[in-house]
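**Student:** I need the structure of the sequence given here:
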Amino acid sequence: MEEIKKSVKVNCTFCSKEIECPEDMLQKFTKHMCYDCFQNAGELAKGEDLGEVHIDIPMDRMNEFIPENLTNSLVAEAFPDIWSERKEELKEMSKRDLAEEMFGAGAYIAIQQMLATLKQMDKAEDEKSDR
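**Tutor:** Below you'll find the predicted structure:
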């Protein structure tokens, strides 16, 4: 059974709108952003690192952000390694072969990440049941 996290009301740092914040996030974040401000984050953040801001994204909008953020994270982590290891080989490939190779590498890394996440979830569930 999934644990329900307690939320508290906080105000958006940018527009003062009242939003929900999981109680355990209060210790991690001192700034909060509502979904409306998040949609205009480029204008509002003014150079702030949004990684340091709690953003209240409605659950029905989460599916829009998870794939994009996961993809961007994987590219940022994996591409430099692939490029440095295989740069000369990749430069010699046709555009089609290169696209196919990079798509395959992306799929492989995504599956690896998914399996690692499932393993972590299983481990967390085992630890939870041991308590």
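
**Student:** now the longest helix that the chain contains: buried residues?
**Tutor:** Secondary structure of the chain per DSSP state H: the longest helix is helix 95-130. Going by neighbour count (16 or more other CB atoms under 10 Å), the buried part of helix 95-130 is 106, 109. C-betas here are computed from N, CA, C, even on glycine.

**Student:** can you name every helix or strand that that helix contacts?
**Tutor:** Helix 95-130 is packed against helix 59-91, with contacts defined by 3 or more CB pairs under 8 Å, 6 or more residues apart in numbering; DSSP states H and E.

**Student:** just the angle between the helix it packs on and helix 95-130, please?
**Tutor:** For helix 59-91 against helix 95-130, the angle by axes from the mean of the first three to the mean of the last three CA atoms, to 10 degrees is 130 degrees.

**Student:** who touches stretch 6-20?
**Tutor:** 21-23, 26, 31-34, 36-37, 44, 53-54, 56 (CB atoms under 8 Å, 6 or more residues apart in numbering).

**Student:** and the next element down the chain from the least confident helix or strand in the chain by mean pLDDT?
**Tutor:** One helix or strand of the chain scores below all others by mean pLDDT, DSSP states H and E: helix 41-45, with a mean of 64. Sequence order places strand 53-55 as the next helix or strand after helix 41-45, per DSSP states H and E.

**Student:** that older thread, any idea how far the longest helix of the chain is from the chain center?
**Tutor:** 14 Å (CA atoms, centre = their mean, to the nearest Å).

**Student:** what about it, average pLDDT?
**Tutor:** If you average the pLDDT over helix 95-130, you get 85.
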